[in-house]
Structure formats: C-alpha cells, structure tokens
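In: Using only what follows, build the 3D model:
(one chain, ligands or ions: 1)
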Amino acid sequence: MDKNDNPIAFLDSGVGGISVLNEALKIMPNENYIFFGDSVNAPYGTRTTEEVRALTEKNVEFLLERGSKAIVIACNTATSAAADYLRNKYKQVPIIGVEPALKPAALNNKGGKVLVMATPMTLKERKFNKLMQQYQEVAQIIPVPCGGLMEFVEQGILDGSELEEFLYSMLTEDIRTQTGAIVLGCTHYPFIKDTITKVIGYPIEIYDGGMGTAKQLQRTLERSKLLRKSDSIGQVEVINTLDSERMITLSEKLLMKE
Ligand code: DGL
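Out: This is a model prediction of the structure:
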C-alpha cells in the first residue's frame, strides 16, 4: 500500500468536527479518513486549558499510532488549547487547526455588528482575543459564549422548540437586533445553522471556517507531497470514545448532511 493511502484524521470533542470533514470530502473524496469524536469527555469548552490539552494530546497519540498521515483538530476549543503545543511535539505529520472565520465576516460587514458564537473557553483564550483585536476596528465584534449548546448536537437535536428556547436565552433581543453576520466559532454549530437563522428572525450571513480549513488541508498535503494518488473514492472510519451504537448512527447521519 502506498503511504499516501494512509488516512487523514479529524478529531473533535464529539460529533461537531464532522462539519469540517464534510467540507474536506467535497474537495478530496478520494482520500481515506478517520473521524475521532471524544464524546465521553465532551464538552471540552467548559474545561480548563490544561485538561483540554491533555485530552487532545492523548487523542493525537492514538491517531498517530493508527498511521494517520495528517491530523485536523476539527475543534476550535482544542485548537486554542493545544495546536501550537502539539505542532511542536509531533513534527512528523502536519497538524491543522480551525479558527473562527472572523476575517471575512468583519470585512463584509464594515462598521456593522458581528456575533461570534463559540464555547466559553475559545472566547477566553489568547488565540481568539488576538484575532478579535485585529478586526475590532473594522466591525463591532460581540462574543457570545454558548456553554451548553453543543450538547444539543451531541443528542442529535438539530431543531425544535427546546433548542430554539435555548438559543433565545443566548441570542437575547439586544444581541439579535441589527446584526449583520454571525460567525460560528464551534464546529458543532453548522449543524444547527437553520435553527439559528430562525431564532434571529431575518436573513443573516452565517460564516463557518469548515471550507477554509479543508482548503488549507489540501494545500498542506500538496506541499508535503502527501495527497493520495488513486482517484477511487476513499473510506471514512468513525471512532467515538462513547462507543455506543447511538453515537456511530448519529455520526453517520451528520456525515451525509449537506
Ligand atoms: N466542537 C468544539 C469546538 O469547535 C467544542 C465543543 C465542546 O466540546 O465544548 O469548539
């Protein structure tokens, strides 16, 4: 077997990172993938930085043992806590992270209001605050910590009144009015994009970093001469630490979601 047939590993605290994998599948369907969800330890976003770093390191070790040729940390929280540290420690494979798509949202909404929905930890970390500083002259950036929101996606709840009520409690009237754009700073949230739009109550631009990350992965693989040579459709293996039938079924459902 050609070493470029080895899988690209995507990892997240749960099923959210599948939203990033779905974008990679669109542009590189011939690659082999492993999706690793750590649902047993989810959520990461309300843990300490040290805990998230240790969990992510353990998951990366496991994925390297499985022969992964590249790692995508498809989790904003884990990227903030661990990406730099892991890139320093494991130089043998490319490690790609995600970040909130604040740049296009701010540049397309100059002087307007831009909400950033993410976990409390992502919004507290230095990485996001540096990014926010860069664009706060361009647009009015409002961080909206969404502790408790990823749990809906982990339960497979992507719409309905319970989720809407929860979103209303975060996207209060004050926050909702006259917003130009929303940045989804957590990889679970693209799956509830339609419900977020419904709660906002008017058409709004929603940005997520999934396609940007997929393209960065493609460029990195190309540069490192790691792209798979075969044109045949690749395999996707799903692993979840919760190891329940429910999580695998949910992951497969999300993998098919547009
Ligand atoms: N999917 C994750 C992110 O992008 C985090 C959810 C969590 O574990 O709190 O931040």
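In: So Gln140 versus the ligand, what's the distance?
Out: Distance, Gln140 to the ligand, using CB to the nearest ligand atom, to the nearest Å: 23 Å. To be clear about C-beta, it is placed using only N, CA and C from the backbone, and glycine gets the same treatment.
In: my read: that residue touches Gly112, true?
Out: Yes. Using CB atoms under 8 Å, Gln140 is in contact with Gly112, at 6.9 Å.
In: Next, the residue minimising distance to the centre of the chain: phi, psi?
Out: Central residue of the chain (CA atoms, centre = their mean): Thr187, 2.7 Å from the mean position. Per-residue torsions, Thr187: phi -70, psi -10 (degrees, to the nearest 10).
In: same thing with Ile200?
Out: Here is the backbone geometry of Ile200 (degrees, to the nearest 10): phi -60, psi -40.
In: For stretch 145-155, output the C-alpha coordinates as CSV.
Out: Below are the C-alpha coordinates for stretch 145-155, written out as CSV (Å, rounded to 0.1, in the frame of the first residue of the first chain):
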residue,chain,number,x,y,z
PRO,A,145,-20.4,32.3,24.9
CYS,A,146,-22.6,29.3,24.2
GLY,A,147,-21.9,26.9,27.0
GLY,A,148,-24.5,24.0,26.8
LEU,A,149,-25.2,24.4,23.1
MET,A,150,-23.0,21.6,21.7
GLU,A,151,-24.9,19.2,23.9
PHE,A,152,-28.0,19.5,21.7
VAL,A,153,-26.0,18.4,18.7
GLU,A,154,-24.5,15.5,20.7
GLN,A,155,-28.0,14.4,21.4
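In: Looking at it now, give me its mean pLDDT.
Out: Mean per-residue pLDDT for stretch 145-155: 97.
In: Around the ligand, pick out the residues from the stretch 51-200 of the chain.
Out: 75-77, 119, 122, 150, 186-188 (CB under 6 Å from any ligand atom).
In: Sort out for me which of these are in helices.
Out: 76-77, 122, 150 (DSSP state H).
In: I'd assumed Phe35 was in contact with Asn59.
Out: No. Asn59 lies out of contact with Phe35 (CB under 8 Å); the separation is 11.7 Å.
In: roughly how far apart are Gln134 and Glu50?
Out: 27 Å (CB to CB, to the nearest Å).
In: The two: who's more crowded?
Out: Remark: of Gln134 and Glu50, Gln134 carries more neighbours, 13 against 10, as counted by other CB atoms under 10 Å.
In: Helix, strand, or coil at that one?
Out: Secondary structure, DSSP: H, G, I helix; E, B strand; the rest coil: Gln134 is helix.
In: what's the answer for the one 10 residues further on, then?
Out: Local secondary structure at Val144 is given as strand here, using three-state DSSP.
In: Run through the residues that contact it.
Out: Each residue near Val144 by CB atoms under 8 Å, 6 or more residues apart in numbering is listed here: 115-118, 170-171, 175.
In: For stretch 57-73, measure first residue to last.
Out: Start-to-end span of stretch 57-73 (CA to CA, to the nearest Å) is 11 Å.
In: Tell me the most packed of the residues of the stretch 51-200 of the chain next to the ligand, by neighbour count.
Out: Cys75 (35 neighbours).
In: Might one say that that residue is in contact with Val98?
Out: Yes. The pair Cys75 / Val98 is scored as a contact, 6.9 Å apart, by CB under 8 Å.
In: which residues do these two both contact?
Out: Common neighbours of Cys75 and Val98 (CB under 8 Å, 6+ apart) are Thr187.
In: For the stretch 151-258 of the chain, just list every one of the strands.
Out: Using DSSP state E, counting those that start in this stretch, the strands of the stretch 151-258 of the chain run over 181-184, 205-208, 236-240.
In: other SSEs contacting the last one?
Out: The elements that strand 236-240 packs onto, with contact taken as 3 or more CB pairs under 8 Å, 6 or more residues apart in numbering; DSSP states H and E, are strand 33-37, helix 245-255.
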